[in-house]
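Participant: What would the 3D arrangement of this be:
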Amino acid sequence: MSSKDNFTPEEWKQIVQSPMLAGLAVTAADPGGLWSAIKEGSGLAKSLVEAKMGSAEADILTDIASTFDTSEGRRMAQDEVKDLFRGKKAAEASQAAVDRLGEISAIVEAKAPEQAAAYKDWLRATAQKVAEAGTEGGFLGFGGEKVSDAERRTLADIDEVLG
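Facilitator: Okay, the predicted model is just below:
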């Protein structure tokens, strides 16, 4: 039985969007331009590849990554995230993503408690990878800092909502 069978289709949609939300919360906290966004997107992709390789602690991670393997799965997650961010400024979008992560985390905790800790740790690691992938400030990728103050605050907020 797949771990996604524990959830309704609507809950699964939300769970699948969670790694994107973790990454975009950090990216929107301190938008660093196109080059930074590309680098930060690679952090998200790396996290999904690692999850796809399997997790002894949580099948849910493999199921999420497998869903992203399909164009339908990616589109489903992207559409949900677009709807959440529509009409919001960057800081509002970041906070909305953090809030949604808290809601989704509670669903996983309630319906798959044996996998919740690994799931939450993976989301934290995903957000951290995204934060460390780009450089904030500086000029043309030179100088600046790996993780800005705004990104650190967002990482702390993510940690708080995940419990």
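
Participant: Give me the neighbour count for the residue nearest to residue 112 when sequence neighbours are not counted.
Facilitator: Nearest non-adjacent residue to residue 112, counting by C-beta to C-beta, 6 or more residues apart in numbering: residue 6, 5.0 Å away. Placement of C-beta: from N, CA and C, glycine included. Residue 6 sits with 19 neighbouring residues when counted by other C-beta atoms under 10 Å.

Participant: Show me the shaky parts of this structure.
Facilitator: 1-2, 32-43, 54-57, 134-144 (pLDDT under 70).

Participant: Could I get the full set of helices for it?
Facilitator: Along the chain, the segments classed as helices by DSSP state H run 9-29, 34-52, 59-68, 71-85, 90-111, 113-133, 149-162.

Participant: For the fourth one, buried residues please.
Facilitator: This means helix 71-85. 73, 76-77, 80-81, 84-85 (16 or more other C-beta atoms under 10 Å).

Participant: Out of those, the closest to residue 93 would be?
Facilitator: Within the buried residues of helix 71-85, proximity to residue 93 (C-beta to C-beta) peaks at residue 85, which comes in at 4.5 Å.

Participant: got the contact list for that closest one?
Facilitator: Residue 85 makes contacts with 24, 28, 93, 96-97, as judged by C-beta atoms under 8 Å, 6 or more residues apart in numbering.

Participant: and it, how far is that from residue 108?
Facilitator: 22 Å (C-beta to C-beta, to the nearest Å).

Participant: Also residue 11?
Facilitator: Residue 11 is 9 Å from residue 108, by C-beta to C-beta.

Participant: what about these two, which has more around it?
Facilitator: Remark: of residue 11 and residue 108, residue 108 carries more neighbours, 26 against 16, as counted by other C-beta under 10 Å.

Participant: Give me the neighbour count for residue 117.
Facilitator: 15.

Participant: and the closest residue to residue 99 other than its chain neighbours, how far is that from residue 107?
Facilitator: Nearest residue to residue 99 in three dimensions, chain neighbours excluded: residue 161, at 7.1 Å (C-beta to C-beta, 6+ apart). For residue 161, the distance to residue 107 equals 13 Å [C-beta to C-beta].
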